[in-house]
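**Q** got a predicted structure plus its sequence, pasted below:
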Amino acid sequence: MRLVEVKSAISPSRLPGLDWAINPYRGCSHACSYCYAQDVTKFEFSRRWGEVVEVKINIVSRLKKELGRGAKGVYGIGTVTDPYQPLEREYRLTRGCLALLRAVGANVSILTKSDLVLRDLDLLIGWKGVEVGVSVGCIDESLVPLIESGAPSPARRFKTLSRLAQEGVDVYLMAAPIIPSLSDSEDALTTLVRSAGAVGVRRIIWDRFNPKPLATGRLRRALASKGLSVVPRDSDRDLARTRAVLRRECARLDIELLDAF
């Protein structure tokens, strides 16, 4: 854990539907082997992903100043890190940012794997401009410890979605990444969609595994420890098959399906 100060809390976002990005932390102790954030941000190449996390200790005060300048649009919280990773329990930077954003009536999209988001229900309930996405790409409990060693279990994440939905918060399932030969079988995809529907999810955004070099290497090493491997399947035909299965199951449950990119 490393405390740092930043010059700006907000950065332009290139992600669809998001105008601005806010990431209270750099690095992520969830240590998901498939995460390509390290490839994109060039963060700590010399260390194992998940071993180092920077805490942007002044981000709330910087955000307060920047919001005063009137930046409009949708703010994405957690675009290259999980805003509710364990350090958030102590530093409460995500909560501080959310309180400021709610006070100015901002439109906000949160993405997380953590049930810690439920701590901030007092801010989320009744906020018409906020949505919360919870990420689950693989629901095989025998595989998840290999590829998401520091993250809450899928069962906890579905319970989080259920609670958020019950409280009237706008939620969606981020079905990502769908990994070839691990989580893209018809049974796996069907179970994923039905599990989401069972807890009140009405919107699913899905994305395939992004085979960036560092992420691919970590994933292969993690799976090799148990004699497993990823079989590359990235053709248009394979993607169309995955999308067709997801679309079919979503249609049965009246769930909206969207491609992430």
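**A** Here it is on my side, so go on.

**Q** can you pull the phi and psi angles for Asn210?
**A** Per-residue torsions, Asn210: phi -90, psi 110 (degrees, to the nearest 10).

**Q** what sits closest to it if chain neighbours are left out?
**A** Using Cβ to Cβ, 6 or more residues apart in numbering and skipping the chain neighbours, the partner closest in space to Asn210 is Tyr36 (5.0 Å). Heads up, the C-betas are built off the backbone N, CA and C, glycines and all.

**Q** as a check, name the ranges of all helices in the stretch 101-250 of the chain.
**A** 121-124, 144-147, 154-166, 186-198, 213-224, 236-253 (DSSP state H, counting those that start in this stretch).

**Q** would you mind giving these as JSON lines with mean neighbour count and distance to Arg14 added?
**A** Converted to JSON lines, those look like this (neighbours: other Cβ atoms under 10 Å; distance: least, Cβ to Cβ, whole Å):
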{"stretch": "helix 121-124", "mean neighbour count": "15", "distance to Arg14": "26"}
{"stretch": "helix 144-147", "mean neighbour count": "19", "distance to Arg14": "26"}
{"stretch": "helix 154-166", "mean neighbour count": "19", "distance to Arg14": "26"}
{"stretch": "helix 186-198", "mean neighbour count": "18", "distance to Arg14": "27"}
{"stretch": "helix 213-224", "mean neighbour count": "17", "distance to Arg14": "18"}
{"stretch": "helix 236-253", "mean neighbour count": "15", "distance to Arg14": "22"}
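
**Q** in CSV, list those helices along with distance to Ser11.
**A** As requested, the helices of the stretch 101-250 of the chain are arranged in CSV below (distance: least, Cβ to Cβ, whole Å):
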stretch, distance to Ser11
helix 121-124, 22
helix 144-147, 28
helix 154-166, 26
helix 186-198, 30
helix 213-224, 21
helix 236-253, 30
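
**Q** which element is Ala21 on?
**A** Per DSSP states H and E: Ala21 is located in strand 20-22.

**Q** name the helices or strands packed onto that strand?
**A** In terms of contacts (3 or more Cβ pairs under 8 Å, 6 or more residues apart in numbering; DSSP states H and E), strand 20-22 is packed against strand 11-12, strand 74-77.

**Q** doesn't Thr112 make contact with Tyr84?
**A** Yes - under the contact definition of Cβ atoms under 8 Å, Tyr84 touches Thr112, with a separation of 4.5 Å.

**Q** touching both of the two, which residues are there?
**A** Shared contacts of Tyr84 and Thr112 (Cβ atoms under 8 Å, 6 or more residues apart in numbering): Gly78.

**Q** more neighbours, the two?
**A** Here Tyr84 and Thr112 are compared on neighbour count by other Cβ atoms under 10 Å; more neighbours surround Tyr84, at 30 against 26.

**Q** mind checking pLDDT for that one?
**A** Tyr84 is assigned a pLDDT of 98 by the prediction.

**Q** tell me which element it falls in.
**A** Counting by DSSP H and E, no helix or strand carries Tyr84.

**Q** dump the residue contacts of Phe102.
**A** Actually, residue 102 is Arg rather than Phe. Val108, Leu123, Trp127, Val130.

**Q** farthest-apart pair in those residues, please.
**A** Across these, the longest distance by Cβ to Cβ is 9.9 Å; it joins Val108 and Leu123.

**Q** common neighbours of those two, please.
**A** Joint contacts of Val108 and Leu123 (Cβ under 8 Å, 6+ apart) are Leu98, Arg102.

**Q** out of the helices of the stretch 101-250 of the chain, which is closest to Val40?
**A** When those are compared by Cβ to Cβ, helix 213-224 sits nearest Val40, at 9.6 Å.

**Q** mind putting the helices of the stretch 101-250 of the chain into TSV with mean pLDDT?
**A** TSV is the format used below for the helices of the stretch 101-250 of the chain (pLDDT from 0 to 100):
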stretch	mean pLDDT
helix 121-124	98
helix 144-147	94
helix 154-166	98
helix 186-198	98
helix 213-224	94
helix 236-253	95
